[in-house]
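In: this one's sequence-less:
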């Protein structure tokens, strides 16, 4: 396999040196941080990604790109408290937006916290969250909570909501079936599919 320019250690060293200089010289310029975070993510450099995100959130606490990236990083690190903090910050910075509500619902599904899910679901309804998205999230929550009967009831509602696009239900039924498998690997893959 040929080594690309982006894989050259010398070029990478120069890139990171120049990027750090640019971030220091132009502290109000977000794009240098965004470029660095994207490259660190692509290259799998978690330590650099964490450092750049920390700087970005400190300088640009209301920038949704940095908040999203911080959410993803804390989720990857299984830092539930950190994820909850980012969701709270998103909600404070963007109180009228649906995106923080979605992230709150997703956090509740992953953490299997019923009270959190219902709090964000109520907020979603009050903000006119799209019904088709909400029934899918309800299905995911019930399934991840181990409430298979309730999850199947959600599938019936999804069939009604999606009408002629009911083929989604076939995919969801397939994943739901794997949740009750005796094979732990299948269950793990099904959970990952639901979260993704």
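Out: Nice, thanks for sending it over. Since we're looking at a predicted model, the values are computed, not measured.

In: How far off centre is the lengthiest helix in the chain?
Out: In the chain, with assignment by DSSP state H, the single longest helix is helix 9-25. Distance of helix 9-25 from its chain centroid, counting by CA atoms, centre = their mean, to the nearest Å, is 29 Å.

In: Determine how far the helix or strand just after that helix lies from the middle of the whole chain.
Out: Next along the chain after helix 9-25, taking DSSP states H and E as the criterion, comes helix 30-43. Centroid separation for helix 30-43 versus its chain: 18 Å, with CA atoms, centre = their mean.

In: List the buried residues in stretch 25-44.
Out: For stretch 25-44, a neighbour-count test (16 or more other CB atoms under 10 Å) marks 30, 32, 33, 34, 36, 37, 39, 40, 41 as buried. C-betas here are computed from N, CA, C, even on glycine.

In: just to revisit the earlier point, touching the longest helix of the chain from outside, list them.
Out: 5, 6, 29, 32, 33, 35, 36, 39, 43, 48, 52, 55 (CB atoms under 8 Å, 6 or more residues apart in numbering).

In: And for stretch 120-127?
Out: For stretch 120-127, the surrounding residues in contact (CB under 8 Å, 6+ apart) are 96, 98, 101, 102, 104, 105, 108, 134, 137, 138.

In: Just the buried residues of it, please?
Out: Judged by neighbour count using 16+ other CB under 10 Å, the buried positions of stretch 120-127 are 120, 121, 123, 124.

In: mean confidence for it?
Out: On average, the pLDDT along stretch 120-127 is 95.

In: Check the gap between residue 71 and residue 49 for me.
Out: Per CB to CB, to the nearest Å, residue 71 is found 13 Å from residue 49.

In: what do you get for residue 174?
Out: In terms of CB to CB, residue 174 sits 34 Å off from residue 49.

In: Among the contacts of stretch 120-127, which lie within helices?
Out: Per DSSP H, the contacts of stretch 120-127 map to helices at 101, 102, 104, 105, 108, 134, 137, 138.

In: and the fourth one, what is it in contact with?
Out: Contacts were defined as CB under 8 Å, 6+ apart; by that measure residue 105 touches 117, 120, 121, 124, 137, 141.

In: Can you tell me the centre-most residue of this structure?
Out: The centre of the chain sits closest to residue 72, judged by CA atoms, centre = their mean, with a distance of 5.2 Å.

In: Just the element for it, please.
Out: helix 64-76.

In: which helices and strands sit right next to the following helix or strand past that helix?
Out: Next helix or strand after helix 64-76 toward the C-terminus (DSSP H and E): helix 80-93. Judged by 3 or more CB pairs under 8 Å, 6 or more residues apart in numbering; DSSP states H and E, helix 80-93 is in contact with helix 64-76, helix 99-111.

In: Which strands or helices does the first one pack on?
Out: Counting contacts by 3+ CB pairs under 8 Å, 6+ apart, helix 64-76 packs against helix 30-43, helix 46-59, helix 80-93, helix 99-111.
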